[in-house]
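Trainee: sequence first, then the predicted structure, then my questions.
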Amino acid sequence: MGVELSPKANAIITVLQGCNSFKRLQKIHAHVIVNGLQHIPAIANQLLHFCAVSVSGCLLYAQLLFQHLHNPQTQAWNSLIRGFALSTSPLQAILYYNHMIFSSTSHPDTFTFSFTLKACERLKAQNKCQELHGSVIQRGYESDVVVRTNLIRSYAANGLIESATMVFDEMTERDLVSWNAMISCYSQAGLHHEALDMYTYMRNEGVEFDGFTLVGLLSSCAHVGALNIGIHLHQIACHKEFTRNVYVGNALIDMYAKCGNLEDALCVFNGMHKRDVFTWNSMIVGYGVHGLGDEAINFFKKMLVAGVQPNSITFLGLLCGCSHQGLLKMGVEYFNMMSSMFNIKHGIKHIGCMVDMYGRAGKLEKALEIIRSYPSENDPVLWRTLLGSCKIHRNVKIGEIAMQNLVQLEASSAGDFILLATTYASTKNAQGVAKMRKLIKSRGIKTIPGWSWIEVGDQIHRFIVEDKSHPDSRMIYQKLEEVMRRVILAGYIEENFDMSMPGSSTEGCLEASSRYHSEKLAIAFGLAITSEETVLRIVKNLRVCRDCHVFTKFVSKAFSRDIIVRDRVRFHHFKDGLCSCKDYW
DNA sequence: TTAGGGTTAG
């Protein structure tokens, strides 16, 4: 039973509910004090709620109001916890939650848990998240769909994907938001196949989806190069009229660009009614990774004319395009422009692009100078990039400097030793080669396993080097032998294994031949089971090795097939025996 | 008089 309020108190509550500025609230508060109404819970809670939650509120003021409450009820705690959970200091939300549990007679409810879990998600407070899960069960709130969704998000943000999955799987009642939370959790954790599998489960359970679902799924399609699934989702987006949604449009552009289809990315871009910085960036980055620097610059200019402010990712796309197209002068111009004109700080990735750009152009001293001018960014990736350039330009002296730094940072990998070994080899330095071989052996250093994906229909087939796990493995190897015979007849000369590129695919077995590298298996599979006019689209987690690059060029000619390979850094369009990277990658 | 959601880079 609520307490009967005086007409004066009721009037104040009505005014408070319509309050829209902090200044006005302070005036109302003064009026409340003058009339001695500050201890009426309904008024105190309303004041607190406004200060803690409203966009024009003030959390400090909310704390002061809270301190004056004699016995704050759950609703008051919730206001404060909610306010801090969404603020720049979410830790305060957790501290208030602790305070509530240990020194208050009020009990947390489903709202309290939702807000505190939000704070854990933002803070990456893993232990607290687990503790809250226990309390949720203890207090009998585990069947609440919103609390569970918050648990999924919080676990996922804390890297506990298995726990998030468990919470989802054990839900007796799921709604669209919980499905979407699980999809986005997988997508952001890099578990793209799991995210795409959720789509099948949703369909099987007859769950309708919305723009949020599409964005999560399209992001995963983009990461694994699942163009067919992406096209299917695009059709659904058109059918359900989600294409006016800027998030969906952006995700579609990104998906098409990452799947190697820039024409359709542009088509979506042109059809969008509203565009934001993500829209422009998706196009610019798309052109950048395809090695089309001048197109990226073109789009950047149009972006400025449209009045959209670029951000650090815009410049990443531009620099990537300049670097891959060899546009050194333009690259330097944009690198300088980002800080001088747009006040955007150079990040490690931008510096990496510059090191790569100068390195490729043979200006190794300048590349070294760039790394040294950013001592706080002493990152192995920069030294590795430089090492790669030293190999191309046969510069042992700077290569050794790069290697020393990698060793000092305890970040040297087998690929790095191989790079330096080949640099020694190219300068006929047998002693250096022997030294590197000895180091690789004695340190037992392992490489990153290489993977290649190919999408056929709505299925994604994954291969590793010498993979025999595919159900059609026998057929794939037979096809590869046939392909080999045809390309050798056309002039292809098989290499043993590539030692040329940084992070290139030695695929975890240094001594193996590159004949059964994952992309060769993916290509053989694609040739065997798709029609002659189908473009083969392959995605690889490492850089394409030189042998596979040559091989793919020959295949594109001998089989009259367009093959698009997306490797770790860029796209390669193989057609009629040539590659879009012009062998410069 | 209170809740849970999305994209680029990595």
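Mentor: That came through, no problem.

Trainee: measure the residue in the stretch 451-585 of chain A positioned nearest to DNA strand B to A:Gly260 for me?
Mentor: The minimum distance from the stretch 451-585 of chain A to DNA strand B, using Cβ to the nearest atom of the strand, falls at A:Val569 (8.2 Å). (Each C-beta comes from the backbone N, C-alpha and C, glycine too.) Distance of A:Val569 to A:Gly260, given as Cβ to Cβ, to the nearest Å: 14 Å.

Trainee: over to A:Lys302?
Mentor: 22 Å.

Trainee: who has more neighbours, those two?
Mentor: The neighbour comparison of A:Lys302 against A:Gly260 (other Cβ atoms under 10 Å) goes to A:Gly260, with 24 against 13.

Trainee: host element of the more buried one?
Mentor: Under DSSP states H and E, no helix or strand contains A:Gly260.

Trainee: next, the contact list for the residue nearest to it when sequence neighbours are not counted, please.
Mentor: Closest residue in space to A:Gly260, ignoring its immediate chain neighbours: A:Ile564 at 4.1 Å, by Cβ to Cβ, 6 or more residues apart in numbering. Counting by Cβ atoms under 8 Å, 6 or more residues apart in numbering, A:Ile564 makes contact with A:260, A:535-538, A:571-574.

Trainee: quick one: the residues you listed as CSV, columns for secondary structure, pLDDT and distance to A:Cys581 too.
Mentor: Formatted as CSV, the contacts of A:Ile564 follow (DSSP: H, G, I helix; E, B strand; the rest coil; pLDDT from 0 to 100; distance: Cβ to Cβ, whole Å):
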residue, secondary structure, pLDDT, distance to A:Cys581
A:Gly260, coil, 90, 13
A:Val535, coil, 92, 17
A:Leu536, strand, 94, 17
A:Arg537, strand, 92, 16
A:Ile538, strand, 93, 15
A:Phe571, strand, 91, 8
A:His572, strand, 93, 5
A:His573, strand, 92, 8
A:Phe574, strand, 94, 10
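
Trainee: what helices or strands is the helix or strand containing A:Gly288 leaning on?
Mentor: Per DSSP H and E, A:Gly288 falls inside helix A:277-289. For helix A:277-289, the elements it packs on are helix A:246-258, helix A:262-271, helix A:293-305, helix A:312-325, judged by 3 or more Cβ pairs under 8 Å, 6 or more residues apart in numbering; DSSP states H and E.

Trainee: and the most centrally placed residue in chain A, how far from DNA strand B?
Mentor: By Cα atoms, centre = their mean, chain A has its centre lying nearest to A:Gln188, at 6.4 Å. Remark: distance between A:Gln188 and DNA strand B (Cβ to the nearest atom of the strand, to the nearest Å) = 5 Å.

Trainee: now that residue. Its backbone dihedrals?
Mentor: phi -70, psi -20 (degrees, to the nearest 10).

Trainee: confidence score at it?
Mentor: Note for A:Gln188: predicted pLDDT of 94.

Trainee: which residues does it contact?
Mentor: A:Ala156.

Trainee: A:Gly249 versus that one, what's the distance?
Mentor: Distance from A:Gln188 to A:Gly249, by Cβ to Cβ: 20 Å.

Trainee: helix/strand/coil for the residue nearest to A:Gly260?
Mentor: strand (DSSP: H, G, I helix; E, B strand; the rest coil).

Trainee: bridging residues for it?
Mentor: Counting by DSSP bridges, A:Ile564 forms beta bridges with A:Arg537, A:His573.

Trainee: what's the helix or strand encompassing A:Arg485 packed up against?
Mentor: According to DSSP H and E, A:Arg485 maps onto helix A:473-489. Applying 3+ Cβ pairs under 8 Å, 6+ apart, one finds that helix A:473-489 contacts helix A:518-529, helix A:546-558.

Trainee: quick check: closest non-adjacent residue to A:Ile348.
Mentor: Using Cβ to Cβ, 6+ apart and skipping residues adjacent in sequence, the residue nearest A:Ile348 is A:Glu377, 5.0 Å away.

Trainee: cool, A:Leu368 as well?
Mentor: Looking at A:Leu368 with Cβ to Cβ, 6+ apart, the closest residue is A:Ile398, at 5.8 Å.

Trainee: list the helices and strands whatever helix or strand the one you found lives in packs on?
Mentor: In the assignment (DSSP H and E), A:Ile398 maps to helix A:396-408. For helix A:396-408, the packing partners by 3+ Cβ pairs under 8 Å, 6+ apart come out as helix A:364-372, helix A:380-392, helix A:414-426.

Trainee: quick one, phi psi at A:Asp356?
Mentor: A:Asp356 adopts backbone torsions of phi -60, psi -40, taken as degrees, to the nearest 10.

Trainee: tally of neighbours for the closest residue to A:Glu208 other than its chain neighbours?
Mentor: Closest residue to A:Glu208 apart from its sequence neighbours, by Cβ to Cβ, 6+ apart: A:Leu176 at 7.2 Å. Around A:Leu176 there are 14 other residues, counting by other Cβ under 10 Å.

Trainee: do I have it right that A:Leu176 meets A:Phe209?
Mentor: Yes - between A:Leu176 and A:Phe209 there is a contact under Cβ atoms under 8 Å: 6.8 Å.

Trainee: near DNA strand B, anything from stretch A:280-287?
Mentor: Yes - using Cβ under 7 Å from any atom of the strand, stretch A:280-287 comes into contact with DNA strand B via A:281-282, A:285.

Trainee: picking up where we left off before, DNA strand B is nearest to which of the helices and strands packed on helix A:277-289?
Mentor: Checking those against DNA strand B by Cβ to the nearest atom of the strand gives helix A:246-258 as the closest, at 2.9 Å.

Trainee: quick one: contacts of the closest one?
Mentor: So helix A:246-258 is contacted by A:211-212, A:214-215, A:218-219, A:221-223, A:225, A:227, A:230, A:233-234, A:237, A:242-243, A:262, A:264-265, A:268-269, A:271-272, A:274-276, A:278-279, A:282-283, A:285-287, A:289-290, A:566 (Cβ under 8 Å, 6+ apart).

Trainee: reformat the helices and strands packed on helix A:277-289 as JSON lines; add distance to A:Arg394.
Mentor: As requested, the helices and strands packed on helix A:277-289 are exported to JSON lines (distance: least, Cβ to Cβ, whole Å):
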{"stretch": "helix A:246-258", "distance to A:Arg394": "34"}
{"stretch": "helix A:262-271", "distance to A:Arg394": "35"}
{"stretch": "helix A:293-305", "distance to A:Arg394": "26"}
{"stretch": "helix A:312-325", "distance to A:Arg394": "21"}
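
Trainee: next, format those as CSV and append distance to DNA strand B and mean pLDDT.
Mentor: CSV is the format used below for those (distance: least, Cβ to the nearest atom of the strand, whole Å; pLDDT from 0 to 100):
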stretch, distance to DNA strand B, mean pLDDT
helix A:246-258, 3, 96
helix A:262-271, 12, 96
helix A:293-305, 11, 96
helix A:312-325, 4, 95
